[in-house]
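Asks: need the 3D shape of this:
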Amino acid sequence: MTTLTTHTIESAPEASKALLEKSVSAYGMLPNLHGVLASSPSLLSAYQTLHELFANSSFDAEELTVVWQGINVEHGCTYCVPAHTGIAHSMKVNPNLTQALRDQQAMPTAKLQALLDMTLIIVRNRGNVTNEELAAFYAAGYGEQQLLEIILGLSQKVISNYTNHIAETPVDDAFKPFAWEKTAK
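Replies: Numbers count the residues shown, from 1 in each chain. I've put the predicted structure just below:
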């Protein structure tokens with residue numbers, strides 16, 4: 001069992017305190033992930049910045065959820081799947097979409113399926129995408145900007161998913177109703 005320190009604002013390194021206060025202001029609580037990331041002020045700052053950039057990308061709430069949850073489920077992150085389920089609810093994303101992502105089921109539209117497919121291709125193939133795969137993504141209505149923004153979302157998720165695997169970050173009370181374990185597909 002590997003665990004890392006989950007800091008409070010008081011116990012965090014000085015350079016992380018203002019960043020954690022920003023988290024509390026944004027979420028109304030201090031997410032355990034942010035408490036873990038606080039051991040490295042640079043990593044916490046990078047995570048917050050990537051989150052803000054991706055949340056303000058060209059994707060709408062459903063598309064953000066598809067990218068975030070597609071990656072979370074693929075990586076088997078038992079912290080981020082519940083957290084992003086709660087976040088999706090707060091963003092008014094259709095619960096059927098969220099459940100389909102959690103259960104690795106088909107997306108409700110061809111366009112969202114194309115987004116999920118490209119996200120998983122990028123993750124599974126480490127960025128190696130064929131011309132045919134790109135053509136299918138573009139034919140669904142996406143462009144180069146969205147392709148690159150998937151990589152932005154993946155950058156954020158690598159930080160959180162990998163940290164949570166190492167830290168065995170406990171799910172926050174607010175997200176415990178959305179607990180999740182990966183099942184074989």
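
Asks: give me the low-pLDDT residue ranges for the protein?
Replies: By pLDDT under 70, the weakly predicted segments of the chain are 1-2, 185.

Asks: and the helices in it, which stretches?
Replies: 14-27, 32-37, 41-55, 61-75, 80-90, 95-102, 110-124, 131-139, 144-167 (DSSP state H).

Asks: of all those helices, which one is nearest Phe178?
Replies: helix 80-90 (3.8 Å; C-beta to C-beta). Where C-beta positions appear, they are placed from N, C-alpha and C, glycine not excepted.

Asks: what sits against His51?
Replies: Gln156 (C-beta atoms under 8 Å, 6 or more residues apart in numbering).

Asks: which non-adjacent residue is nearest Gln156?
Replies: Leu50 (3.9 Å; C-beta to C-beta, 6 or more residues apart in numbering).

Asks: picking that back up, most tightly packed of the helices of the chain?
Replies: Highest mean neighbour count among the helices of the chain (mean count of other C-beta atoms under 10 Å): helix 32-37, with a mean of 26.

Asks: by contact count, what packs against that helix?
Replies: Helix 32-37 sits against helix 14-27, helix 41-55, helix 144-167, with contacts defined as 3 or more C-beta pairs under 8 Å, 6 or more residues apart in numbering; DSSP states H and E.
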